[in-house]
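[1] Can you look at this prediction? I've put the sequence above it.
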Amino acid sequence: MQQHTVVSDVTVIGGGLAGVAAAIRAARSGATVALINNRPVLGGNSSSEIRVWVCGATAHGAQKFARETGVMGELFLENQYRNPEGNPFYWDQVVLDAVRAEPLISLYLNTDVTEVHAEGPDDERIIRSVTGWQQGSEKRIVFSGPVFVDASGDGLVGHLAGAWYASGREAASVYGEEWAPEVPDDNMLGSTLFFYTKDVGEPVRFVPPSITKDIAATSILAHRRIDTRANGCDYWWIEWGGELDAVHDNEAIRDELWGVVYGIWDHIKNSGLYDADTLTLEWVGSVPGKREYRRFVGDYVLTQNDIMEQTRFPDTIGFGGWSIDLHPPGGMYSTDEGSKHLFTSGVYHIPFRSLYSRNVTNMLMAGRDISASHVAFGTTRVMATCAVTGEAAGAGAALAARYGEPPRTIGSERLTELHELLLRGDASMLGVPWEAADDLALTGEVSASSTLTELAVAVEEDAVSYPLDEHDFGLHLPVDPRLDRIRILIEAEGSTSVTVELWSTAGGENHIPVSFIDRREVEVQGGLSMLEADFGYEPAEPEDVVVLIRRAAGLSVVVNPRPAPYGTLGLLSRTPATDLHRPQSNAWSAAELRRQSVVFEATPFTRAYRPSNVSGGFARPYRGPALWSSAEMAGDQPEHLEVRWKEAVSIGRVELVFNDDVDEDLVNLHHHRTPFPVIPELVRDYRVDVETADGWRTVVSVTGNRVRHRAHDVALDERISALRVVVEATNGSAWATVVGVRVFR
């Protein structure tokens, strides 16, 4: 046996997406990082060993403009390009390549941490080292350093260090949570195994192994859906162990899940009820995908009320948006629905105080073991949100190591620096403006070759009518500075009265109608006509609104099969008419009309797309689109942004944030597939020009860009008076859009 010692600024235990994001952000922040994973592949539950698709704030499209950026966003975009078919093995390599690209990360796969050396009294513990056994190489490795991140999922490191934690379900009285049980218990969400099938084109028999369960003798057939077309996460409900101990009973849970998987397949193949002669099992999981175990106690415990009220924390470090998604303890054997969901009006915020231990002074948490109640955990547990908390924990850990301070001090005394570090990395932050003092772009005057000022879409030859017999229609659009009149092209079978309403989204987090503003009853004639409604609405600050047209028999809106200006969406109600005023995001769908444009015109002209949006402000839609948009590009004619300074400046680095349409839901595996390998709104070809005493010259030229965040070192000997970002082509959008331009010495 060999024994080694590894000393790093930050030690991350757990190679799921939370640990990966923590390690990458810490390394990019200048820290040396040891990333330790007890499995041979990275990705945790999303890896090829388990194959859970990565869910996050988009909630499969229920939330709008909610896809994660930062490290998780980079993984989504790279997988979209490399792996549109959702091959789980290709996904493994996308994640591994992201880690290997960081020179400050040392990766230790197949290394199981089983010992923790911690000191101090119960209320002020400190971790000195963790020790792991690396299978295959027979190495015993001691990892030491000033800061540790427990991203292990089950929370073993924190447990061995003596960190305070909760498990099971708290009583409703503890945090005043409506969805918590009246009496506390030890029940948790269960674990799951998946299987994949394929059609081999010739008959294949199935001889059930001895572990096979007779599912006809269970409640499964009566209460769960079995389909020969289903694969992988389609069978998310194959869940068990919620009434057991997910760790101590792991082997028994796996065997029970195996028995049911083979029992389902036996039923499909041998019951005679399915056309499955040529189907065979291609893959069956052997590592249970765990949903829940320990939740560490931080300085703040996130609760159901925080989620539903969308509490804005001063120390917010990211957001989530998946529903509160709780499952019955009995899992697949329960006669209840396999899950129940509670959505917010939009995304919610997560505080940094939930990412470090209350009593272990140098430990941060990331992923499903953060400080949250069982009910709140029902939404924070999904993997893209775990990656958001991981990225923030990694940034906080890097700062803690840099300054020799505990995470609590970073969150209280260096919060501005933490926010700037996350924002500069394009992390999933919402409602926190970019105000870094060292960004020279903030001191310059920003202009553009053209700017989108007219929110209007003209009817085209291939436009179609979309009926509103069963749906209310909503047009989401920014209002800056006011909305006087809205005109929408409709088609009516005859003369009728149409109800038109104006609703506020009631916060930058939301993109559905939440607060009623005004109503108009408009008489229209049969045939095509422009429905007009005057509102004269002027909000105190820029915001998003939704113009509603209530459903009516024989009424349609006219739709072009092309995208509208960014920040506008066509929404259709999903709920019955009696339930329309519930402000839950899944009550309104953008899926049917996404990348299509309702024919409309809003007056007066808008300032929502002004060039100054790229300098400071927000890096994603929040009370408006939060970007610059050109007018529609004319052929090969480029568009540009210009930053000009009153006095010449010296620059060394230019960082650009492009628009990758965070309203587009992406996923790593086979849930769905988008029709393009690169987001069309992304700028494809661009250059950076600078103006010196000798005139303009190009210092950066890029073709084929397919990512959102780009950084260019452009150290110049001479000072410059202006800088231009010239957009020569997009990946398909008719508008050039840029989220941020940042310039540093």
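    Nice, thanks for sending it over.
[2] My guess is G190 contacts L326. True?
    No. Contact criterion C-beta atoms under 8 Å: G190 and L326 do not qualify, at 11.3 Å. To be clear about C-beta, it is placed using only N, CA and C from the backbone, and glycine gets the same treatment.
[3] between those two, who's got more neighbours?
    Neighbours per residue, other C-beta atoms under 10 Å: of G190 and L326, the larger number sits with G190, 30 against 19.
[4] contacting residues for D665?
    By C-beta atoms under 8 Å, 6 or more residues apart in numbering, the residues touching D665 are T58, H60, G61, R67, H672.
[5] who's in contact with I264?
    Contacts of I264 (C-beta under 8 Å, 6+ apart): F195, I215, I220, I226, Y235, I238.
[6] and with 10 Å instead?
    F195, T212, K213, I215, I220, L221, R224, I226, A230, Y235, I238, M332 (C-beta atoms under 10 Å, 6 or more residues apart in numbering).
[7] One more: V667?
    53-56, 58, 60, 76, 79-80, 86, 233, 384, 673-674.
[8] so where's the chain uncertain?
    Flagging of the chain using pLDDT under 70 yields the residue ranges 576-582.
[9] domains for it, by residue range?
    2-165+293-424, 191-284, 440-451+609-744, 456-603 (automatic domain parsing).
[10] Just say which of those is most tucked in.
    domain 2-165+293-424 (a mean of 23; mean count of other C-beta atoms under 10 Å).
[11] wait, isn't H511 in contact with W503?
    No. Using C-beta atoms under 10 Å, H511 makes no contact with W503, being 11.3 Å away.
[12] any shared contact partners between these two?
    By C-beta under 10 Å, 6+ apart, the residues touching both H511 and W503 are G474, H476, D544, V546.
[13] Max pairwise distance over the residues you listed: which two?
    G474 and D544 (11.1 Å; C-beta to C-beta).
[14] between these two, what contacts are shared?
    Common neighbours of G474 and D544 (C-beta under 10 Å, 6+ apart) are W503, H511, I512, L569.
[15] Next up, the contacts around the closest residue to R653 other than its chain neighbours.
    Using C-beta to C-beta, 6 or more residues apart in numbering and skipping the chain neighbours, the partner closest in space to R653 is F744 (4.5 Å). By C-beta under 10 Å, 6+ apart, the residues touching F744 are 424, 436, 438-441, 651-655, 711, 713-714.
[16] G318 now?
    Counting by C-beta under 10 Å, 6+ apart, G318 has contacts 57, 68-70, 72, 347, 349-352, 355, 385, 387-392, 422, 427-430, 432.
[17] So what would you say the end-to-end distance of stretch 454-464 is?
    Criterion C-alpha to C-alpha, to the nearest Å; first-to-last residue distance in stretch 454-464 is 23 Å.
[18] Just give me the closest of the contacts of D665 to G616.
    The closest of the contacts of D665, once distances to G616 are taken by C-beta to C-beta, is R67, at 22.6 Å.
[19] Mind checking what secondary structure the closest one has?
    Look at R67: counting by DSSP: H, G, I helix; E, B strand; the rest coil, its state is coil.
[20] just checking, it touches T674?
    No. Here R67 lies out of contact with T674, judged by C-beta under 10 Å, at a distance of 11.6 Å.
[21] what do these two both touch?
    Joint contacts of R67 and T674 (C-beta under 10 Å, 6+ apart) are E664, D665, L666.
[22] residues contacting the nearest residue to the last one once chain neighbours are set aside?
    Okay, so that is L666. Among residues not flanking L666 along the chain, F76 sits closest, at 4.3 Å (C-beta to C-beta, 6+ apart). Counting by C-beta under 10 Å, 6+ apart, F76 makes contact with 54, 56, 58, 67-69, 94, 384, 387, 660, 662, 664-668, 679, 708.
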